[in-house]
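# just coords:
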């Protein structure tokens, strides 16, 4: 079945699943190694996470993305997806426009790359237009400045599917698989919760808020009986490059799932998956990018809270909301749900939306930093702010996967196995 | 009043009882739905010294305005000093002990 992706265009799927055919297709092609980011993005392109793009971007697309937040054909697009390469590598591999090469990852064939264009692009322009700053303190800008001097544009065809390791295996679904799963569940409305966090109850309430908002005009009978829900929450965890101090990905995915396993969400309305993507921390532009990915996964709604995908003080708290509001509805086929913070009110004795509670001076706001500090001190938080089952899973993940810490350490960066590998073909 | 740059030491039930028994319950504050926290103040020089001695730590100027990401073992030592001295003003002594090795 053909599915429609972002921009009303067919969902991209450029994957050769037959190994014999794949081997035949790459025979005689020059081999060009891809680094982790490029390999991750080649996989994302081929499975359609970034539909409608079918390959690494050509210059016209990068230019339109920077200047107009569109692809060259007018489809909304906010972050350049580029393949960088040095002049020396171009010479060493003997690459020229019109060539097809075999991209390899860690020595094994990954994808066929039909190189249509070799170009250069001013990195400061990307920085200013996409991130709103040229400061290399911004992690997205730093990543941009680290790109080599030339870019290759052209279509990607995956010839060797990634092997996703435990505990991630059940959580990695392609866009097609997401849609098949939703069909199985009879979900008509699905709201995305973007995360790279272990959930505290502030996050839990954001999800509940978004679910109720998305479900608001549906018959309640559909929700009344277990198994009859026609709306769902998809927690889509971003798994990618980590920084020291981040939660380890294993803890994020497993704790999000624990919320359902422990009954804080019903089995038939909650699901956890993951998407491979290196966060750019592009704030509002990254929010648009997340909308595009989740449209391609088949979602109908997307929750956006405070400081979506931001970093430092580069963007104001609700800048992502304002950018999304400026995009005509027909250009982004997912309905944003804008949510305010939830906080603990000692007067109410409960977690409440700060937009509803009148005890302004008493509210105790959730702070990710504070929660991390509590977890680092190995103190079990009260269940009102952090579910005990979630705490147990965090500590267990620390032992099993984090070399004793639920947070990324230098040790974790050096020793943790990558989330996916490419096996010999 | 001079600005302080605190270290938050979160207190579990066991330590809460111990602090109460030692008559130090008054040093605790309640945050986030009844969580107990010992807020150990640092002045600017102490903050800078702590960040230098423990490079994994960070001063969170944006949200909590406190020194964060200190390992549990480090906070445990500060906690022990607070209990031993029955006072929150222990940072000079703590820093001196670390420097002494």
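Nice, thanks for sending it over. Because the structure is predicted, anything quoted here is derived from the model rather than measured. Residues are numbered from 1 along each chain as shown, chains lettered A, B, ... in the order given.

# Up against chain B, what does chain A have?
Neighbours of chain B within chain A, by CB under 8 Å from any CB of the partner chain: A:244-245, A:312-313, A:344, A:346, A:364, A:366-370, A:372-374, A:376-382, A:384-385, A:409. Heads up, the C-betas are built off the backbone N, CA and C, glycines and all.

# List the contacts of the residue of chain A most remote from its centre.
Farthest-out residue of chain A from its mean C-alpha position, per CA atoms, centre = their mean: residue A:347, at 37.0 Å. By CB atoms under 8 Å, 6 or more residues apart in numbering or on different chains, the contact list for residue A:347 reads A:359, A:362.

# pLDDT score for it?
Looking at residue A:347, its pLDDT stands at 96.

# before we move on, the earlier item: just the residues of chain A next to chain B: which are in strands?
A:344, A:364 (DSSP state E).

# Please, where are all the helices along the stretch 251-400 of chain A?
In the stretch 251-400 of chain A, the segments counted as helices under DSSP state H, counting those that start in this stretch are A:284-296, A:319-325, A:368-376, A:388-401.

# out of these, which comes closest to residue B:16?
Smallest distance to residue B:16 across the helices of the stretch 251-400 of chain A (CB to CB): 13.8 Å, for helix A:368-376.

# Please look at residue A:258 and residue A:395 and confirm they touch.
No: checked against CB atoms under 8 Å, the pair residue A:258 and residue A:395 is beyond contact range at 11.9 Å.

# quick one: which of these two has more around it?
residue A:258 (22 against 17; other CB atoms under 10 Å in any protein chain shown).

# which one is that one nearest to, not counting chain neighbours?
The shortest distance from residue A:258 to any non-neighbouring residue, by CB to CB, 6 or more residues apart in numbering or on different chains, is to residue A:393 (4.6 Å).

# now residue A:411
residue A:403 (4.9 Å).

# Likewise for residue B:86?
Going by CB to CB, 6+ apart, residue B:86 has residue B:24 as its nearest residue, at 6.1 Å.

# give the contact list for that neighbour.
B:82-83, B:86.

# likewise residue A:224?
Taking CB under 8 Å, 6+ apart, one finds nothing in contact with residue A:224.

# quick revisit: next up, the contacts around the residue nearest to residue A:411.
A:409, A:411-412, A:415-416.

# before we move on, what about residue A:125?
residue A:66.

# Which helix or which strand is home to it?
Secondary structure from DSSP states H and E places residue A:125 in helix A:123-126.

# And residue A:115, by the same measure?
Judged by DSSP H and E, residue A:115 forms part of strand A:108-119.

# Show me which residues of that strand are buried.
A:109-115, A:117-119 (16 or more other CB atoms under 10 Å in any protein chain shown).

# Tabulate these in JSON lines, adding columns for pLDDT.
Converted to JSON lines, those look like this (pLDDT from 0 to 100):
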{"residue": "A:109", "pLDDT": "98"}
{"residue": "A:110", "pLDDT": "98"}
{"residue": "A:111", "pLDDT": "98"}
{"residue": "A:112", "pLDDT": "98"}
{"residue": "A:113", "pLDDT": "98"}
{"residue": "A:114", "pLDDT": "98"}
{"residue": "A:115", "pLDDT": "98"}
{"residue": "A:117", "pLDDT": "98"}
{"residue": "A:118", "pLDDT": "98"}
{"residue": "A:119", "pLDDT": "98"}
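
# what's the closest of those residues to residue B:53?
residue A:110 (44.9 Å).

# That closest one and residue A:103 touch, don't they?
Yes: between residue A:110 and residue A:103 there is a contact under CB under 8 Å: 4.8 Å.

# Overlap of the contact sets of those two?
Shared contacts of residue A:110 and residue A:103 (CB under 8 Å, 6+ apart): A:34, A:39, A:42.

# Quick one: mark the members of the residues you listed that sit in helices.
A:39, A:42 (DSSP state H).

# Would you mind listing which of the contacts of residue B:24 are buried?
Counted by 16+ other CB under 10 Å, the contacts of residue B:24 give B:82-83 as buried.

# Output the contacts of residue B:24 as a markdown table; include the columns pLDDT and secondary structure.
What follows is those, written out as a markdown table (pLDDT from 0 to 100; DSSP: H, G, I helix; E, B strand; the rest coil):
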| residue | pLDDT | secondary structure |
| --- | --- | --- |
| B:82 | 93 | helix |
| B:83 | 91 | helix |
| B:86 | 91 | coil |
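
# Nearest to chain A among the contacts of residue B:24?
Distances from chain A to those, taken as CB to the nearest CB, are shortest for residue B:82 (13.9 Å).

# circling back: would you indicate which residues of the helix holding residue A:125 are buried?
A:123, A:126.

# now it: mean pLDDT?
Helix A:123-126 shows a mean pLDDT of 98.

# and chain A, what are its domains?
A:6-161, A:169-340+A:383-421 (automatic domain parsing).

# out of those, which comes closest to residue B:34?
Nearest to residue B:34, of the domains of chain A and by CB to CB, is domain A:169-340+A:383-421 at 7.8 Å.
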